[in-house]
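Visitor: A predicted structure for the sequence below; I have some questions about it.
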Amino acid sequence: MGLKKFVINLAPTPLVKLFASPYVAGDSIALATSTAKKFWEQRQVYSTIDLLGEELEDDEEVQYSAGVYERLIEALGQQEYATISLKPTQLGSHRGTEHCQKIIESIVAKAEKYNIKVTLDMEDHNFTDMTLDIFRAIHKDHPTFGTVLQSRLFRNDDDIKSLKGMNARIRLCIGIYNEPKEIALQSKSEMKKKMLEQLEVLLKEGHYAEIATHDQALIDKSINLAEKLNMKKDQYEVQMLMGVPMKPYQDQLIQNGILVRLYVPFAEKWKYATAYCKRRLTANPAMAIYIVKNILHKMTGRR
Ligand SMILES: Cc1cc2nc3c(=O)[nH]c(=O)nc-3n(C[C@H](O)[C@H](O)[C@H](O)COP(=O)(O)OP(=O)(O)OC[C@H]3O[C@@H](n4cnc5c(N)ncnc54)[C@H](O)[C@@H]3O)c2cc1C
């Protein structure tokens, strides 16, 4: 474990909560849905709402999470600006693929009644096979169901090949999990080069590509590539995490007709949110300084 990860893991929950606050919509379904609505009404920014929680091994907690998703879907209702994202390890993966698939499929079926699309997030390499198996199985009957691919994994070229012909919604990212060198690229610039190559394959094969990164140069290159391939603007979108301070650039993309979607996480119980927040802070410890500066500016009334 690196030093910065070690220090962040030691941070007490209230501190993590404070520093991670820009990344999380709040502690209720109402706050999550009102955040998504506000993004849409104020800036025409789309959202994908995620209930925080992962690595659950308790059936009651899994059932609780599935229930929150059902209530979230009802609260969102028919609208055009929000999808939802969910994770296998939050929804029964501890009892095997079939069990997890059943739980996820029932959420997807409910969401479909409201025309809400669902994306299956990708976790670390221990879950890649399970995630793709569940994705393929559910996608057969629910073609708007989407998933995520990570360009850092050596296996990703083959995984893309295995989805040929599915015309699926695929979020492509470098991947947030640090993976061993035996199975994954270690250099961010190589991961990003690979991501661009894989985006080309996804677009050429007729998938709807969701370009998920905060690297402006990579987003610009991705859009140029899509334009070079004569892709229409409704064949791809750009995704970023809520809380990463890139509003002017997002607004510029929207003005140029690019669909921008933010990942909007929430938790009813804070204990489910800490793993996500610690990952965000490990990915960018400079964010803690940015947040302290913001708090000081608010206290002193200066910007
Ligand atoms: C909508 C969305 C969904 C995702 N879903 C998944 C998933 O299911 N599975 C998975 O493994 N990965 C997922 N990711 C990828 C992952 O979370 C990170 O985006 C990725 O690891 C960080 O890399 P980057 O491409 O942004 O490039 P980086 O080089 O890490 O970042 C580019 C720039 O953005 C800034 N930046 C990056 N992160 C932050 C941050 N947290 N706060 C402030 N600034 C930041 C950096 O400082 C840098 O200037 C998702 C990403 C997004 C945007």
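Guide: Now that the structure is in, tell me what you want to look at.
Visitor: helices of the protein, start to end?
Guide: With DSSP state H, the ranges of helices along the chain come out as 3-10, 13-20, 29-43, 59-76, 97-113, 128-141, 156-162, 188-204, 216-228, 247-255, 274-283, 286-300.
Visitor: quick one: closest of the ones you listed to residue 85.
Guide: helix 59-76 (10.1 Å; CB to CB). Any C-beta I mention is one placed from the backbone N, CA and C, and that applies to glycine too.
Visitor: convert that closest one to PDB, retaining C-alpha atoms only.
Guide: Output of helix 59-76 as PDB, limited to C-alpha atoms (Å, rounded to 0.1, in the frame of the first residue of the first chain):
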ATOM      1  CA  ASP A  59     -28.100 -10.900   3.100                       C
ATOM      2  CA  GLU A  60     -30.000  -8.300   5.000                       C
ATOM      3  CA  GLU A  61     -27.700  -5.500   3.800                       C
ATOM      4  CA  VAL A  62     -28.000  -6.800   0.200                       C
ATOM      5  CA  GLN A  63     -31.800  -6.800   0.500                       C
ATOM      6  CA  TYR A  64     -31.700  -3.300   2.000                       C
ATOM      7  CA  SER A  65     -29.600  -2.100  -1.000                       C
ATOM      8  CA  ALA A  66     -31.900  -3.700  -3.500                       C
ATOM      9  CA  GLY A  67     -34.900  -2.000  -1.700                       C
ATOM     10  CA  VAL A  68     -33.200   1.400  -1.900                       C
ATOM     11  CA  TYR A  69     -32.700   1.000  -5.600                       C
ATOM     12  CA  GLU A  70     -36.500   0.100  -6.000                       C
ATOM     13  CA  ARG A  71     -37.400   3.300  -4.000                       C
ATOM     14  CA  LEU A  72     -34.900   5.300  -6.000                       C
ATOM     15  CA  ILE A  73     -36.500   4.200  -9.300                       C
ATOM     16  CA  GLU A  74     -40.000   5.100  -8.000                       C
ATOM     17  CA  ALA A  75     -38.700   8.500  -6.800                       C
ATOM     18  CA  LEU A  76     -37.100   9.300 -10.100                       C
END
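Visitor: name the helices or strands packed onto that helix?
Guide: Applying 3 or more CB pairs under 8 Å, 6 or more residues apart in numbering; DSSP states H and E, one finds that helix 59-76 contacts helix 29-43, strand 46-51, strand 82-86, helix 97-113.
Visitor: so what's the nearest residue to residue 173 once chain neighbours are set aside up against?
Guide: Among residues not flanking residue 173 along the chain, residue 212 sits closest, at 4.0 Å (CB to CB, 6 or more residues apart in numbering). Counting by CB atoms under 8 Å, 6 or more residues apart in numbering, residue 212 touches 148, 171-173, 238-240, 263.
Visitor: beta partners of residue 212?
Guide: Taking DSSP bridges as the rule, residue 212 bridges to residue 239.
Visitor: any idea of the pLDDT on it?
Guide: Listed pLDDT for residue 212 reads 98.
Visitor: oh, and call the first residue 463 from now on, that's how I've got it
Guide: Sure, I'll start numbering at 463, so the last one becomes residue 674.
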